[in-house]
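Participant: what's the 3D shape of this:
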Amino acid sequence: MTLLPLLATLAAAPLPRAASPADVAVFIPHLDNLTALAAWGEKAGARSVLLRPGTWTSEFGAFFFVDPTRADSLTAAGLYPKGDATVSRIGDGRLTCAALADVALFRRRSDERLKLLGEVEHKSERGVEWALARLEKTLRAGYAIKGRYGCSFAGPARVEALATEAGARVQSPSPTAGWPSAGTVWVKAPQGSIALRATPTDLVAEAKPSRSLAADLAAAGPSPYAALAPSGLLFARARIKAAAVAPWAHTLVASLGSVCPACGAPDVSADVDALAALFTGNVLLRVDRAQVKGTLRSAAERYFSARHAYLFELSTPADALPVVAHLAQTLGAKTDGDAFALGVPGGVLRFGIRESHFFLANDEAALQRIATATSAPAATQGHGLEAWLDPRLAAQALGQIPLLDILGSSELASLFAVGTEVGPLLGITDSVSASADAPSRITLTWRLSAGASPE
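Facilitator: Residues are numbered from 1 along each chain as shown. So this is what the prediction gives:
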């Protein structure tokens, strides 16, 4: 390809036309590529109302309904079914900019709706065609057209700001900083960006939070846990940067405060520092199951409801043995086979060393089920963090939340609310997996069962 055709191709690539600043903006580079995303949404929507395409397609048009997943609906509004579109939200107002296939039809459909909102004024300024609907001199809605792009806007307040953005965006794209670079749908907000793509069974969301949530993760590399097949309710492995190992270890110990107040003692902290210096940064967490015994009212009951075990790879296990023995003596833990057992409110904590791994578990069965990992061969882990959720076990876990506990806990009430929406969806889900890489990249894949079909 010669230089001029290449430049022409690059110039033709669609770019977002988002309001600035916007509370949230959604860019669709090619409207005809929404078909697979809509198909996934139809299947998922059979169990989750929030995921039904009709829930979000109603947000596309600024002041009249257009279904962006249907070519006939787009064509009837004068929009180009294979073109791009950007929807921006500012407060309760909306700005929708899209490529036009039929300018006259877009103008006519828009005018029909604007007449219902107020007195319509048509004008032309600096090559931009305007239609503005006012009610008692208050701007309520309108549109701007230049060339083959139209930007429509409406809102209960700040409509003048929307109009200003419409005039700017109909003439040129918005700055691309902070936007994803690929995907069927791009989403941008102050908290970061998300790129969505889908097949009829798989939804993939790649998020880049504005905060470096994955900054402590090391790059892909060797791990003794990389070759293990995921199992249990939750299975996660991570590679943590050397400089972050000690702070991460102290955060984990601090999370035990509700069941182990003695874990915050200075001597314990010193032992944690000594152990952390021997950790390689490779970590495995396996949540075996959820097991609620009557109530989740106390922090201890909530901690022991997730039966789990951790493994931490050690660089020199021999050096760790006296440290772990001193830790057990400080806490008053008793010897139990190759583990030390510490009785705490709600259950027993077990910790110790197996081969080249330090382990910590709140359930003996969970610990035994992870035992084979201590002799697994090393392999290359592809991401800083990799995690899998078992849909069947997750649905069972959500079903164990006691109804009476919901009344006394906002956290449990929120989890119960999520469960009512996600729980049924898990019933037609094959797998849920996630990965994360430094400094701030998180990918989630939600795979529906192949036999799942919309109702």
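
Participant: the longest helix in the protein is where?
Facilitator: Among the elements of type helix in the chain, defined by DSSP state H, the one spanning the most residues is helix 410-426.

Participant: Tell me where the stretch 151-300 of the chain has strands.
Facilitator: Listed in chain order, the strands found in the stretch 151-300 of the chain under DSSP state E, counting those that start in this stretch are 185-189, 192-198, 202-209, 221-223, 234-239, 279-290.

Participant: contact partners of the longest helix of the chain?
Facilitator: Residues outside helix 410-426 that contact it (Cβ atoms under 8 Å, 6 or more residues apart in numbering) are 44, 47-51, 296, 391-392, 394-395, 398-399, 401, 405-407. Placement of C-beta: from N, CA and C, glycine included.

Participant: mind saving the C-alpha coords of it as CSV?
Facilitator: What follows is helix 410-426 as a C-alpha-only set of coordinates in CSV (Å, rounded to 0.1, in the frame of the first residue of the first chain):
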residue,chain,number,x,y,z
SER,A,410,-26.1,-2.9,54.2
GLU,A,411,-23.3,-5.0,52.8
LEU,A,412,-25.3,-8.2,52.8
ALA,A,413,-28.3,-6.3,51.5
SER,A,414,-26.3,-5.1,48.5
LEU,A,415,-24.9,-8.6,48.0
PHE,A,416,-28.4,-10.0,48.1
ALA,A,417,-29.6,-7.4,45.5
VAL,A,418,-26.7,-8.5,43.2
GLY,A,419,-27.6,-12.1,43.8
THR,A,420,-31.2,-11.6,42.7
GLU,A,421,-29.9,-10.3,39.3
VAL,A,422,-26.8,-12.3,38.8
GLY,A,423,-27.9,-15.6,40.5
PRO,A,424,-30.3,-16.6,37.7
LEU,A,425,-27.7,-15.7,35.1
LEU,A,426,-25.2,-18.0,36.7
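
Participant: Show me where the stretch 351-455 of the chain has its helices.
Facilitator: Taking DSSP state H, counting those that start in this stretch as the test, the helices found in the stretch 351-455 of the chain are 364-369, 391-398, 403-408, 410-426.

Participant: Tell me the buried residues within the contacts of helix 410-426.
Facilitator: The neighbour count (16 or more other Cβ atoms under 10 Å) marks A44, R47, S48, L51, L296, P391, A394, A395, L398, I401, D405, I406 as buried among the contacts of helix 410-426.

Participant: give me phi/psi at the spatially closest residue to the first one that is not a sequence neighbour?
Facilitator: Looking back up the chat, that one is A44. Nearest residue to A44 in three dimensions, chain neighbours excluded: L51, at 4.2 Å (Cβ to Cβ, 6 or more residues apart in numbering). According to degrees, to the nearest 10, the main-chain angles of L51 amount to phi -90, psi 0.

Participant: residue contacts, L51?
Facilitator: Taking Cβ under 8 Å, 6+ apart, one finds G41, A44, G45, L425 in contact with L51.

Participant: now swap in P322 and tell me
Facilitator: With the criterion set at Cβ under 8 Å, 6+ apart, P322 makes contact with nothing.

Participant: Kindly report the same for D216.
Facilitator: Contact partners of D216, counting by Cβ under 8 Å, 6+ apart, are I240, K241, A244, P247, W248, A438.

Participant: for the host helix or strand of T55, which positions count as buried?
Facilitator: With elements delineated by DSSP states H and E, T55 resides in helix 53-57, which encompasses its position. Of the residues in helix 53-57, those buried under the neighbour-count criterion (16+ other Cβ under 10 Å) are P53, W56, T57.

Participant: what do you get for stretch 192-208?
Facilitator: 192-198, 200-201, 203-208.

Participant: From the chain's centroid, how far away is that stretch?
Facilitator: Centre-to-centre, stretch 192-208 and its host chain are 9 Å apart (Cα atoms, centre = their mean, to the nearest Å).

Participant: That one spans what distance, first to last residue?
Facilitator: Length of stretch 192-208, first residue to last, Cα to Cα, to the nearest Å: 6 Å.

Participant: Quick check: mean pLDDT of that stretch?
Facilitator: For stretch 192-208, the mean per-residue pLDDT is 95.

Participant: what's in contact with that stretch?
Facilitator: Taking Cβ under 8 Å, 6+ apart as the criterion, the residues outside stretch 192-208 that touch it are 36-37, 39-40, 43-44, 178-187, 209-211, 430, 440-450, 452.

Participant: Pick out whichever of the contacts of D216 sits closest to A333.
Facilitator: For A333, the closest of those turns out to be W248, at 22.3 Å, with distances computed as Cβ to Cβ.

Participant: Thought I240 was touching that closest one, still the case?
Facilitator: Yes - at 5.6 Å, W248 counts as touching I240 under the criterion of Cβ atoms under 8 Å.

Participant: These two: who's more crowded?
Facilitator: Taking W248 and I240 together and counting by other Cβ atoms under 10 Å, I240 has the greater number of neighbours (23 against 17).

Participant: Can you tell me, leaving aside adjacent residues, what's nearest to that one?
Facilitator: Once flanking residues are discounted, I240 sits nearest to G281: 4.2 Å by Cβ to Cβ, 6+ apart.

Participant: Redo the strands of the stretch 151-300 of the chain as a markdown table? Include distance to L360.
Facilitator: Supplementary listing: the strands of the stretch 151-300 of the chain in a markdown table, determined by distance: least, Cβ to Cβ, whole Å:
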| stretch | distance to L360 |
| --- | --- |
| strand 185-189 | 37 |
| strand 192-198 | 32 |
| strand 202-209 | 28 |
| strand 221-223 | 18 |
| strand 234-239 | 14 |
| strand 279-290 | 10 |
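
Participant: Which two of the contacts of L51 have the greatest separation?
Facilitator: When those are compared pair by pair using Cβ to Cβ, the maximum separation belongs to G41 and L425, at 11.3 Å.

Participant: Between the helices of the stretch 351-455 of the chain, which one is closest to R109.
Facilitator: Taking Cβ to Cβ, helix 410-426 is the member of the helices of the stretch 351-455 of the chain nearest to R109, at 34.6 Å.

Participant: in that closest one, what counts as buried?
Facilitator: Neighbour-count burial for helix 410-426, counted by 16+ other Cβ under 10 Å, picks out L412, L415, F416, G419, V422, G423, P424, L425, L426.

Participant: tell me the angle of it relative to helix 391-398?
Facilitator: When axes from the mean of the first three to the mean of the last three Cα atoms, to 10 degrees is applied, the directions of helix 410-426 and helix 391-398 differ by 150 degrees.

Participant: the domain parsing of the chain - what is it?
Facilitator: According to automatic domain parsing, the chain is divided into the following domains: 13-198, 221-448.

Participant: so how far is the first one from its chain's centroid?
Facilitator: By that I understand domain 13-198. Relative to the chain's own centre, domain 13-198 is displaced by 24 Å; criterion: Cα atoms, centre = their mean.

Participant: Nice, that's everything, thank you.
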